[in-house]
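[1] Okay, predicted coordinates and the sequence, questions at the end:
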Amino acid sequence: MAEKHIHDVKVRLEDQDRQKFLDWLTPIDYDPQQSYISKRQPGTGQWLLNSAEYQDWPKADKQTLFCPGIPGAGKTFITSIVIEYLQTNYKSSGVAYLYCNIGQQGQQTPESLLGSILKQLVWNRSPLPQEVKDLYDQHKDKRSRPELMEISKILQSVISPGSKTFVIIDALDECQNHDRCRNSLLSEIFALQAKTRLNIFATSRPQEVEAEFSGCIIREIIATDNDIEAYLEDEMSLWEKSHEGNLSTMRDMIKKEVTKAADGM
C-alpha cells in the first residue's frame, strides 16, 4: 500500500509539473471551441473532404491547402471538420490547430500562437521532451517569456521526422497587427514546413493573405445548399421539440428562403 501511495503521489506531482509547463507556454485552449463547433449534422462539409484538392493534400509531405471564403461561408465550421477528420484518420500523426479570433487579439501574439502549436504537439508525451523543460528553466527565474525563435527551434526538434504533422489555422485574417502577428507566424510555420514533414491547412477572407499562399493548393469555401438545409433541419427539430403543432409547411418555407438568400456565402 505504501509503495502504491508513493507512486500515486509521484504521478500527481508529475501531472502538476506537466500542466505548469504547458500553461506557461500559453494559457490558450482551443479544445472547448473545437468540441462545440464539431457537433454537426452527419454529412455536412463532406463536399470539401471529397474534393480533389483535399484528397491530394494529406497524402504528400510539405503540402499546404489554403481555403479562402467570404464572411458567413462557413470557414470555421469547415476547419472543425478537417480537424476531426485528421484526428480520426491520422492517429499516429501530430495534429495542432489554431482558431484565430478578433476578440482575442490581446492574447494572439506570434509567440502565444506558435506556443499553442508546441503545447498541442507535446501535451500527451510522457515524460515531456527535455527541451520544453529546459526552456521553462531558462526563463522561470527571470520571469520572462520565450521568444519566437526559441519556440520554433524546439518545435523543429519535437516534430517527429518519421511521421506526418498537420497544422490547421482558421481565420488568419483575424490575427492582430498583420505585420507583427500573421506574417511572423506564417514565416515561422513555413520555415518549419521546409525542414519537416509538415502539412498546413489555413482559411481566411479572400484577398487578405492570398499572396502568402501563392503556389499552394487552393479550394474556395462556399455555403452549399445541402449544408445549409442540414443545419436548418437540425435547428428546427430542436425548436419543434419545445413547441406544439404541425410546422412542416413553415419548415419547407424557411429552408427554401434561407438557402436562396445565402447563395453560396
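    Sure, I can see it.
[2] Tell me how this protein divides into domains.
    Listed domain ranges for the chain are 2-222, 223-265 (source: automatic domain parsing).
[3] pretty sure Ile37 contacts Ser80?
    Yes - Ile37 is within contact range of Ser80, at 3.9 Å (criterion: C-beta atoms under 8 Å). Bear in mind the C-beta positions are built from the backbone N, C-alpha and C, glycine included.
[4] More neighbours: which of these two?
    The residue with more neighbours, out of Ile37 and Ser80, is Ser80; 24 against 19, by other C-beta atoms under 10 Å.
[5] Can you list the buried residues in stretch 44-57?
    Neighbour-count burial for stretch 44-57, counted by 16 or more other C-beta atoms under 10 Å, picks out 44-45, 47-48, 54, 57.
[6] What of stretch 88-95?
    By neighbour count on 16+ other C-beta under 10 Å, the buried set for stretch 88-95 is 90, 93-95.
[7] Among those residues, give me the pair with the biggest separation.
    With C-beta to C-beta as the measure, no two of the buried residues of stretch 88-95 lie farther apart than Tyr90 and Gly94, at 8.9 Å.
[8] just to revisit the earlier point, mind putting the buried residues of stretch 44-57 into TSV with distance to Cys216 and pLDDT?
    What follows is those, written out as TSV (distance: C-beta to C-beta, whole Å; pLDDT from 0 to 100):
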residue	distance to Cys216	pLDDT
Thr44	25	76
Gly45	21	82
Trp47	20	90
Leu48	16	93
Tyr54	13	96
Trp57	10	96
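[9] how about JSON lines for these, with distance to Cys181 and secondary structure added?
    Below are the buried residues of stretch 44-57 laid out as JSON lines (distance: C-beta to C-beta, whole Å; DSSP: H, G, I helix; E, B strand; the rest coil):
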{"residue": "Thr44", "distance to Cys181": "31", "secondary structure": "coil"}
{"residue": "Gly45", "distance to Cys181": "28", "secondary structure": "coil"}
{"residue": "Trp47", "distance to Cys181": "31", "secondary structure": "helix"}
{"residue": "Leu48", "distance to Cys181": "26", "secondary structure": "helix"}
{"residue": "Tyr54", "distance to Cys181": "27", "secondary structure": "helix"}
{"residue": "Trp57", "distance to Cys181": "25", "secondary structure": "coil"}
